[in-house]
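# predicted model and sequence below, questions to follow.
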Amino acid sequence: MIHTPRNPLVTVDVIIEIDERIVLIRRRNPPPGWALPGGFVDYGEAIETAATREAQEETGLRVELCEQFHTYSHPDRDPRHHTVTTVFIARAMGTPQGADDALEAALFSRHLLPAPLAFDHGRIIDDYFRYRDGEPLRAIFKPDLSVFFS
C-alpha cells in the first residue's frame, strides 16, 4: 500500500492598517462572513509576495508589509481543510474596493467589527489589538508546554 502524505495548505492573511482602522473583506465564496484579506500561497511564491498580491487582488490597495505578526496553524481554523496561515501587518493609503474573492471591502474600527467573522479571524484580530495595546507577543502567544510534561 502506497502512503500519500497529506500536508496542510499554506496561506497568508494581511491586517491592513489605514489610520486607526483595519480593512476587512466580505467573502464571495464559502465559508461566508467577513475576513482579513488573504489567500493561498502559489507554488514557487514567497509568502511576502503572496500577502501583497492577495491584499491588492481583494482590496485594490497597494500595501507595504510592516511586520510578520504570527503563524496560526490549528487544524480546525478553516472548515474546508487544514491550513497554516502567516499573518502580516501592513499599511496602505486609499479606499478599499472589494474585488476577486471579495464582494466588498471596508474599513472597521476595533469596537465596530462586522459579524460574522470567518475562520479564526476573530481571534487573530483580537490578538492584533492586544499587541497594538502593548501586550508582549510572548504573553499573547504563550505556548502550551503541558503536552511535553503530561
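Okay, I see it.
# what's the local residue count around Leu61?
Leu61: 23 surrounding residues under other C-beta atoms under 10 Å. Where you see a C-beta, it was placed from the backbone N, CA and C, and this is true even at glycine.
# can you pull the pLDDT of the closest residue in space to it that isn't next to it in sequence?
Once flanking residues are discounted, Leu61 sits nearest to Ala92: 4.1 Å by C-beta to C-beta, 6 or more residues apart in numbering. With respect to pLDDT, Ala92 scores 98.
# try the one 10 residues further on
Ala102 is assigned 93 on the pLDDT scale.
# for it, name its beta-bridge partners.
Beta-bridge pairing of Ala102 under DSSP bridges involves Arg27.
# surely it touches Arg28?
Yes - counting by C-beta atoms under 8 Å, Arg28 is a contact partner of Ala102 at 6.3 Å.
# those two: who's more crowded?
More crowded of Ala102 and Arg28, by other C-beta under 10 Å: Ala102, with 25 against 14.
# how about stretch 4-23: buried residues?
Judged by neighbour count using 16 or more other C-beta atoms under 10 Å, the buried positions of stretch 4-23 are 10-18, 22-23.
# among the residues you listed, which two are most distant?
Using C-beta to C-beta, the buried residues of stretch 4-23 span at most 26.6 Å, a distance reached by Val10 and Ile18.
# verify the stated contact: Gly38 with Thr85.
Yes - look at Gly38 against Thr85 with C-beta under 8 Å: they come within range, at 6.7 Å.
# need the overlap of contacts for the two.
Common contact partners of Gly38 and Thr85 (C-beta atoms under 8 Å, 6 or more residues apart in numbering): 11-13.
# quick revisit: identify those among the buried residues of stretch 4-23 that sit within strands.
Within the buried residues of stretch 4-23, residues falling in strands by DSSP state E are 10-18, 22-23.
# could you export the residues you listed as TSV, including pLDDT?
Listed next are these as TSV, based on pLDDT from 0 to 100:
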residue	pLDDT
Val10	98
Thr11	98
Val12	98
Asp13	98
Val14	98
Ile15	98
Ile16	98
Glu17	98
Ile18	98
Ile22	98
Val23	98
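# out of these, the closest to Phe69 would be?
Checking these against Phe69 with C-beta to C-beta, the nearest one is Ile15 at 6.7 Å.
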